[in-house]
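*Asks:* okay, structure incoming, though there's no sequence with it:
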């Protein structure tokens, strides 16, 4: 009897993934109102969101290593910290409590987002993993949509506490669902054991034993040979020493893989364009007569299109083995859309171009993460952390560059077009290594 995939784990993860983005972007649509209520500048309110990418760059690799060693505990910690951060913001009606809650939630974010490949690898059969990664990633973007909707509903200073209570309730409920699922549903395969130790995670008896994870890869990308009968076992090693070697081995396996390095470099460009567009679209389109309310609607449609695209396009692309082609089309179309905004900015071109960017650019993330899951085996948490770190770094760098051109919309849009085009050769070059991943 074949053990079925545990989709309930993906549902629980998706709720927590959405919660991280909800806390992150709670104030994105009410910056001015929040600044007036809490007696601080708009820049200070902006820091409530900026702490997330800044801490992500710092914590991506450590959190990835934690997930590779203690996946369930690490993911649970991320869910609990997200909920705790949302609740801490309710303890006082001032900016200090808001910032404290945001910092807690920003520490949790890499523990949750880095786990998207690990949750699918442990709870879904191989044929379902591309779908699971697509759903998990789409839920992250859905959290952004939820944040924008809440900011559209709670637009006054008096209603901000209600928005924070709603967010906290969602985060607590999401964490509770994930905890129940993770501790009542066995994985399809054992948790990776720390090399040299006798500690391992839960196993599923019977047919599930055949559904094991891929073996860990060494720096030379060769499988670690299993213990051979008749040979003496490896000597016992203190757990702390073994854990240290495992940390180094996971990072070396991830960064030592040429394909993972290329994917990290590639992730900088689409992440960077998306973050810069989301941050400065309203300011860049304002000289063309696009109002703030219209710009907010455009950005909301961009993320909605991204959710739809991320939940559907990667599944079709993986089935047709067209990952490299999709990345090329996505980057080329993004460049063309940015060029259109540079040459003919208007409300109509804003809706068209930015929606298309969301539909085609955001699905690049689940496609890249699916390649990581297929490539790295037990080091997928560290590898996913590298991808997210590169993307957040790209978002910071490109957003800063575009911000310097915010009063020159044509140059800013052309810069984003050039950044997208720069990544096209790298996306085309991925065709051969991706093909070699096929069985």
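*Replies:* Here it is on my side, so go on. Source: prediction; values computed, not measured.
*Asks:* my read is that residue 9 contacts residue 184, right?
*Replies:* No. If you go by Cβ atoms under 8 Å, residue 9 and residue 184 don't touch, sitting 10.0 Å apart. (C-beta placed from N, C-alpha, C; glycine too.)
*Asks:* looking at the two, which is more packed in?
*Replies:* Remark: of residue 9 and residue 184, residue 9 carries more neighbours, 23 against 8, as counted by other Cβ atoms under 10 Å.
*Asks:* need the contact list for that one.
*Replies:* Remark: with contacts taken as Cβ atoms under 8 Å, 6 or more residues apart in numbering, residue 9 is in contact with 119, 122, 123, 181, 182, 185.
*Asks:* do you know how far the first one is from residue 67?
*Replies:* In this structure, residue 119 and residue 67 are 10 Å apart, going by Cβ to Cβ, to the nearest Å.
*Asks:* list residues touching both of the two?
*Replies:* Common neighbours of residue 119 and residue 67, using Cβ under 8 Å, 6+ apart, are residue 75.
*Asks:* of the contacts of residue 9, just say which sits nearest to residue 148.
*Replies:* If you rank the contacts of residue 9 by distance to residue 148 using Cβ to Cβ, residue 119 comes first, at 25.5 Å.
*Asks:* any low-confidence regions in the stretch 151-300 of the chain?
*Replies:* 185-251, 253, 292 (pLDDT under 70).
*Asks:* what about the closest residue in space to residue 131 that isn't next to it in sequence, how many residues nearby?
*Replies:* Excluding the flanking residues, the one nearest residue 131 by Cβ to Cβ, 6 or more residues apart in numbering is residue 315, at 5.3 Å. By other Cβ under 10 Å, 19 other residues sit near residue 315.
*Asks:* secondary structure element for residue 315?
*Replies:* helix 292-319 (DSSP states H and E).
*Asks:* which of the residues in that helix are buried?
*Replies:* Along helix 292-319, these residues count as buried under the neighbour rule (16 or more other Cβ atoms under 10 Å): 294-311, 313-315, 317-318.
*Asks:* relative to the whole chain's centre, how far out is it?
*Replies:* 15 Å (Cα atoms, centre = their mean, to the nearest Å).
*Asks:* any idea of the mean pLDDT for the helix or strand containing residue 53?
*Replies:* Residue 53 is part of helix 42-69 when elements are defined by DSSP H and E. Helix 42-69 shows a mean pLDDT of 84 in the predicted model.
*Asks:* now that helix: buried residues?
*Replies:* For helix 42-69, by 16+ other Cβ under 10 Å, it's 44-46, 48-53, 55-57, 59-61, 63-69.
*Asks:* could you list every helix and strand in contact with that helix?
*Replies:* helix 31-38, helix 71-88, helix 95-113, helix 239-255, helix 380-404 (3 or more Cβ pairs under 8 Å, 6 or more residues apart in numbering; DSSP states H and E).
*Asks:* show residues contacting the first one.
*Replies:* Residues outside helix 31-38 that contact it (Cβ under 8 Å, 6+ apart) are 27, 41-42, 44-46, 93-95, 98, 155-157, 160.
*Asks:* ok, and for it, which residues are buried?
*Replies:* Under the neighbour-count rule (16+ other Cβ under 10 Å), helix 31-38 has 31, 33, 34, 35, 37, 38 buried.
*Asks:* as JSON lines, those with pLDDT would be great.
*Replies:* Below are these laid out as JSON lines (pLDDT from 0 to 100):
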{"residue": "31", "pLDDT": "73"}
{"residue": "33", "pLDDT": "82"}
{"residue": "34", "pLDDT": "85"}
{"residue": "35", "pLDDT": "84"}
{"residue": "37", "pLDDT": "90"}
{"residue": "38", "pLDDT": "91"}
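*Asks:* of the residues you listed, which is the nearest to residue 350?
*Replies:* Comparing those against residue 350 with Cβ to Cβ places residue 31 closest, at 20.2 Å.
*Asks:* how much space between that closest one and residue 49?
*Replies:* 9 Å.
*Asks:* same deal with residue 91?
*Replies:* Residue 91 is 20 Å from residue 49, by Cβ to Cβ.
*Asks:* coming back round to it: the helix holding residue 315: what's the following helix or strand?
*Replies:* Counting by DSSP H and E, the element after helix 292-319 in chain order, helix or strand, is helix 323-343.
*Asks:* quick one on the thing from earlier: out of the contacts of residue 9, which are buried?
*Replies:* 119, 122, 123, 181, 182.
*Asks:* tabulate those (JSON lines), appending distance to residue 271 and secondary structure.
*Replies:* Listed next are the buried ones among the contacts of residue 9 as JSON lines, based on distance: Cβ to Cβ, whole Å; DSSP: H, G, I helix; E, B strand; the rest coil:
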{"residue": "119", "distance to residue 271": "21", "secondary structure": "helix"}
{"residue": "122", "distance to residue 271": "26", "secondary structure": "helix"}
{"residue": "123", "distance to residue 271": "27", "secondary structure": "helix"}
{"residue": "181", "distance to residue 271": "29", "secondary structure": "helix"}
{"residue": "182", "distance to residue 271": "29", "secondary structure": "helix"}
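*Asks:* could you work out the most separated pair of these?
*Replies:* With distances taken as Cβ to Cβ, the most widely separated pair in the buried ones among the contacts of residue 9 is 122 and 181, at 11.7 Å.
*Asks:* buried ones in stretch 145-154, by neighbour count?
*Replies:* Buried, per 16+ other Cβ under 10 Å, within stretch 145-154: 145, 146, 147, 148, 150, 151, 154.
*Asks:* between these, which is nearest residue 133?
*Replies:* Distance to residue 133, by Cβ to Cβ, is smallest for residue 145 among those, at 19.1 Å.
*Asks:* got the contact list for that closest one?
*Replies:* Per Cβ under 8 Å, 6+ apart, neighbours of residue 145: 300, 303, 304, 307.
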